[in-house]
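In: Any chance you can model this:
(one chain, ligands or ions: 2)
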Amino acid sequence: MTKVVVAGAAGGIGQPLSLLLKLSPYVTELALYDVVNTPGVAADLSHISTAAAVTGHLPKKSAAEDPTSEDGLKQALTGAGLVIVPAGVPRKPGMTRDDLFNVNAGIVRTIADGVARHAPTAFLLIISNPVNSTVPVAAGVLRQHGVFDARRVFGVTTLDVVRAATFTSSVLSRVGGQATRPDDVAVPVVGGHSGETIVPLLSQATMRGARVSGPGAQALAPGTPELAALVKRIQFGGDEVVKAKNGGGSATLSMAYAGYTFAEAVLRAAAVPQTPTAAAPITAETYVYIGPGSQVAGAAQVRAALGSGDAALDYFSVPVVLGPAGATQVLDPTLLTRVSDYERELLQVAVKGLAGNITKGLEFVEKNP
Ligand code: NAD
Ligand code: LMR
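Out: Numbers count the residues shown, from 1 in each chain. Ligands and ions are numbered 1, 2, ... in the order given. Okay, here's the model as predicted:
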């Protein structure tokens, strides 16, 4: 029974994501916040015959413009249990996600500030790019307010996991001669959410719950051109969409699906009573704080596997177990010690890229308290 807020609800991701959330049995109230158009989107969705009550909210207008105007961000966030943020500008061809930082960091900071003030115990799911930097921004703002908990702040990297399953299934069918459906396949994807910081661990891929074997495994063997091409496609899948949309933005519909899948997992885990006999754990990949003091059990082991001293990373995407408190523990803290040599090289490149992205986010919060 949760009030869910979508910040950026009128956008390309926000609208289909809000539609999916309106269908969720876990959502009792859906508050749509954006700088434009939320009254219309909310009115439209409110006619759907599911239980969630839908409200639309806009920022407070100046006193000169409308002296009775309310603070829509505050209204939306008050009482929220989960806040999902696809607010901000998307890429156009030729841009990197990092090119979005200057605009989107400020937007994420404002929303995180609202969360700290009006919904300090809510789960906060960041979609706005560059995720590698905007999550440290959001976490930094919450920390400034003294309400940061690493288990509740998530960078949404689910689209990389979704793409990895889809593209790997296609390779297994085409090269491995194994008839698979995308939802038969699972590939852990770790690291961050941009280009070479995205590291699919194809050595750990499974098909229908079992490790990939036979001709499919040969197609995914290190050194094969198929594996290198598959890794590149997963890392740069976002570029395919940006190019195909030709100036019309980036992934929206697949992102709405991915964002909903992740949000639903967080809500479902929050709703499950924790008993020792509980069924299989609810797990998902997500970009979380793994630095000193992280409340995510196993985070220190992941950090140690990635580097030490100045080279140590404070944020990383790994499969986690979700529970009522959020990301309670890393699913398998030894995962990164069992990767192939090829994946270890990919991880080294990812760590270098991520370090700069994380520093950029942290410096932004320091300079803009
Ligand atoms: P969009 O331009 O279609 O929508 C963004 C929405 O944010 C707009 O409705 C806009 O009015 C709103 N907005 C702008 N400033 C705001 C503010 N201060 N407060 C609230 N809302 C505000 O863009 P989109 O295609 O929906 O993409 C949104 C973001 O998601 C981009 O940064 C994009 O790069 C990112 N994205 C991330 C992933 C991922 O895997 N994490 C995938 C796709 C896109
Ligand atoms: C994606 O992976 O599709 C998103 O991060 C959007 C983008 O800019 O590629």
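In: so residue 143, which of the three states?
Out: Of the three states, residue 143 takes helix under DSSP: H, G, I helix; E, B strand; the rest coil.
In: Any part of the helix or strand harbouring residue 258 near ligand 1?
Out: Taking DSSP states H and E as the definition, one finds residue 258 inside helix 253-271. Yes: Helix 253-271 lies within reach of ligand 1 by CB under 6 Å from any ligand atom, at residue 255. Where C-beta positions appear, they are placed from N, C-alpha and C, glycine not excepted.
In: How far off centre is that helix?
Out: Centroid separation for helix 253-271 versus its chain: 9 Å, with CA atoms, centre = their mean, to the nearest Å.
In: after that helix comes which helix or strand?
Out: Next along from helix 253-271, by DSSP H and E: strand 282-289.
In: Near ligand 2, which residues of the stretch 151-300 of the chain? Just list them.
Out: Counting by CB under 6 Å from any ligand atom, the positions of the stretch 151-300 of the chain adjacent to ligand 2 are 159, 238, 241, 242, 250, 251.
In: Can you tell me the SS state at whatever residue of the stretch 101-250 of the chain ends up closest to ligand 1?
Out: Closest residue of the stretch 101-250 of the chain to ligand 1, CB to the nearest ligand atom: residue 129 (3.4 Å). Under three-state DSSP, the three-state class of residue 129 is coil.
In: pretty sure it is in contact with residue 104, am I right?
Out: Yes: with contact defined as CB atoms under 8 Å, residue 129 and residue 104 form a contacting pair (6.3 Å).
In: Stretch 52-62 vs ligand 1: in contact?
Out: No: Stretch 52-62 lies apart from ligand 1 when judged by CB under 6 Å from any ligand atom; the minimum separation is 7.1 Å.
In: buried set for that stretch?
Out: 52, 54, 55, 56, 57, 58 (16 or more other CB atoms under 10 Å).
In: what about the residue of the stretch 101-250 of the chain closest to ligand 1, distance to residue 26?
Out: As judged by CB to CB, to the nearest Å, residue 129 and residue 26 stand 26 Å apart.
In: Helices along the protein, start to end?
Out: Applying DSSP state H to the chain gives helices spanning 14-22, 38-46, 72-77, 101-118, 131-144, 158-174, 214-219, 225-235, 237-245, 253-271, 299-306, 341-367.
In: Tell me which of those is the most buried.
Out: Burial of the helices of the chain is given as mean neighbour count (mean count of other CB atoms under 10 Å); helix 131-144 ranks first at a mean of 26.
In: Mind giving me the packing neighbours of it?
Out: helix 101-118, strand 123-126, strand 153-155, strand 282-289, strand 315-323, helix 341-367 (3 or more CB pairs under 8 Å, 6 or more residues apart in numbering; DSSP states H and E).
In: what helices or strands is the last one leaning on?
Out: In this case it means helix 341-367. Where contact means 3+ CB pairs under 8 Å, 6+ apart, helix 341-367 is packed against helix 101-118, helix 131-144, strand 189-191, strand 198-200, strand 315-323.
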